[in-house]
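[1] no sequence on this one, just coordinates:
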């Protein structure tokens, strides 16, 4: 426990009420005049003061400083011993004070300290019992019976202390287990909330990537078709009509992409096609729309999982979109190989290139990088102004084959 046990945070407040009831009875008994000189309280004021101090000490139990615990317990033992030796007839109640002492020690100490306090309490009880029951001058048979009574009383009291110790250990252990479980549940709730927020953020990023990679690609191609149609409208109306027709196709495709994005991209964009087939169709559309020649070399020896195929397809699609928008290239080479236990995708164009120190923070490039890292791979860009651009994606085959 991090702070002392007080009334407002006492784990077993009913024990306080029981202590107060016993102490109130003891104080009331000490205050009454005794009809027998044998049971008269020798120092009633001292006895009552000891009981009051002992009761008030129960309102604050130390739990941090070990020396404070020892001094606190020693003071309790001294007060109980004072009551036992000088309490007169009230001394009949002093065994209950030892029970209270053991109960408090269970809240203060760990198991070794609890055992030590219990042993000390039983020893002091025997000493006080020996003091309270001197050997009277009785016949031998009566002396034998008289000796049996303290022995029985000591046995009952010892068993009572053991029972109280075991009971308190069980109750405290059960309470500590509940507290640990509550803390664990709270941590689990916070962790689940954190995971939920992270999953929501990742899902938003995933949908954003899907919209950018699919819809962005189609709209870029659509924009190029419309720009070409506008340029040819006056001089070559027939060719402009052809580009407008392609623009209409792309508009329909963009509309489908929007529908897929709204449905959080649950459908497979490859429509159960193999990666080779999907790439072939993608390059064919790219060459037809942009007039850029393409070369494709695929040497894939293993079948890949569907989600892996989609990620690779999206990386290729985004790369082609960037080439059509910025590269001003006339040729694109795409190559897929499996070498030395890894999957490698290489896309290279002969365009104008760019400075990779200034132009690698766009959403498209970041999307490709995120997809690659999600597959446990490495994403690399090689480009210089005037020398084209090369995209290399290396992914371990162990993370792709399922």
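    Cool, got the structure. This structure is a prediction, so every number in the text was calculated from the model and none was measured. Numbers count the residues shown, from 1 in each chain.
[2] so which helix or strand takes in residue 338?
    strand 331-339 (DSSP states H and E).
[3] Contacts for that strand, please.
    For strand 331-339, contacts defined as C-beta atoms under 8 Å, 6 or more residues apart in numbering pick out 275, 279, 283, 286, 292-302, 316, 320, 323, 343-350, 397. C-beta: built from backbone N, CA, C; applies to glycine.
[4] Need the three-state assignment for residue 9.
    Applying DSSP: H, G, I helix; E, B strand; the rest coil to residue 9 yields a three-state assignment of coil.
[5] So how do I select the buried members of the contacts of strand 331-339 in PyMOL?
    In PyMOL, a selection of the buried entries from the contacts of strand 331-339 looks like this (16 or more other C-beta atoms under 10 Å):
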select buried, resi 275+279+283+286+292+294+296+316+320+323+343+344+345+346+347+348+349+350
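[6] Which ones among the contacts of strand 331-339 lie within strands?
    The strands, defined by DSSP state E, take in 293-298, 343-349 from the contacts of strand 331-339.
[7] What strands line up against the strand holding residue 338, and which way round?
    Strand 331-339 pairs in its sheet with strand 293-298 (parallel), strand 342-349 (antiparallel), by DSSP bridges.
[8] got the contact list for residue 228?
    Residue 228 touches 240, 243, counting by C-beta under 8 Å, 6+ apart.
[9] what about it, which helix or strand?
    Assigned by DSSP H and E, residue 228 falls within helix 216-232.
[10] any idea how far residue 164 is from residue 75?
    Distance, residue 75 to residue 164, using C-beta to C-beta, to the nearest Å: 21 Å.
[11] Look at those two and report which has more neighbours.
    Between residue 75 and residue 164, counted using other C-beta atoms under 10 Å, the more crowded position is residue 164 (18 against 13).
[12] The more buried one is in what secondary structure piece?
    Here residue 164 is assigned to helix 140-210, by DSSP H and E.
[13] Determine the set of other helices and strands touching that helix.
    If contacts are counted by 3 or more C-beta pairs under 8 Å, 6 or more residues apart in numbering; DSSP states H and E, helix 140-210 sits against helix 94-108, helix 111-132, helix 237-262, helix 363-374.
[14] Please identify the most buried of those helices.
    Ranked by mean neighbour count, those are led by helix 94-108 with a mean of 22 (mean count of other C-beta atoms under 10 Å).
[15] what comes into contact with that one?
    Everything outside helix 94-108 that qualifies as a contact, by C-beta under 8 Å, 6+ apart, is 5, 11-12, 15, 19, 22, 26, 54, 58, 61-63, 69, 72-73, 76-77, 80, 83-84, 87, 113-114, 117-118, 121-122, 124-125, 128, 157, 160-161, 164-165, 168-169, 172.
[16] quick one: that helix to chain centroid distance?
    39 Å (C-alpha atoms, centre = their mean, to the nearest Å).
[17] all numbers from here: first residue = 56
    Got it, the first residue is 56 from now on, which makes the last one we talked about helix 149-163.
[18] tell me the mean pLDDT for that helix?
    Here helix 149-163 scores 82 as its mean pLDDT.
[19] Go through the ones in strands among the contacts of strand 386-394 and say which is closest to residue 102.
    The closest of these to residue 102 turns out to be residue 398 (C-beta to C-beta; 89.2 Å).
[20] The closest one bridge partners, please.
    On the basis of DSSP bridges, residue 398 is bridged to residue 393, residue 450.
[21] Can you tell me how far it is from residue 426?
    From residue 398 to residue 426 the distance is 13 Å (C-beta to C-beta).
[22] Equivalent analysis for residue 243, please.
    Looking at residue 243 against residue 426, where the rule is C-beta to C-beta, the gap reads 31 Å.
[23] One more: residue 137?
    Residue 137 is 80 Å from residue 426, by C-beta to C-beta.
[24] average pLDDT for the strand holding residue 393?
    pLDDT averaged over strand 386-394 gives 91.
[25] With stretch 344-364 instead?
    85.
[26] Distance from the chain centre to that stretch, please.
    That offset, for stretch 344-364, works out to 42 Å (C-alpha atoms, centre = their mean).
[27] Could you check stretch 101-116 and say which residues are buried?
    Neighbour counts using 16+ other C-beta under 10 Å place 102, 103, 105, 106, 109, 110, 112, 113, 116 of stretch 101-116 among the buried residues.
[28] And the second one, which helix or strand is it part of?
    Using DSSP H and E, residue 103 sits in helix 99-112.
[29] Next, residue 436: secondary structure please.
    On the basis of three-state DSSP, residue 436 is classed as strand.
[30] For it, give the beta-bridge partners.
    Judged by DSSP bridges, the bridge partners of residue 436 are residue 446.
[31] State the pLDDT value of residue 448.
    The model reports residue 448 with a pLDDT of 94.
[32] ok but it is inside a helix, no?
    No - assessed by three-state DSSP, residue 448 does not belong to a helix; its assignment is strand.
[33] Quick check: nearest residue in space to it, chain neighbours excluded?
    Among residues not flanking residue 448 along the chain, residue 400 sits closest, at 4.1 Å (C-beta to C-beta, 6 or more residues apart in numbering).
[34] show me the residues around the one you found that make contact.
    367, 370, 371, 389, 390, 391, 446, 447, 448, 450.
[35] Can you tell me how far it is from residue 351?
    For residue 400 relative to residue 351 (C-beta to C-beta), the value is 11 Å.
[36] Same question for residue 78.
    Relative to residue 351, and taking C-beta to C-beta, residue 78 is found at 94 Å.
[37] Could you do residue 249 as well?
    44 Å.
[38] which secondary structure elements does the strand or helix carrying residue 373 contact?
    Assigned by DSSP H and E, residue 373 belongs to helix 361-377. Packed against helix 361-377 by the contact rule (3+ C-beta pairs under 8 Å, 6+ apart) you find helix 271-287, helix 330-345, strand 397-404, helix 418-429, strand 444-451.
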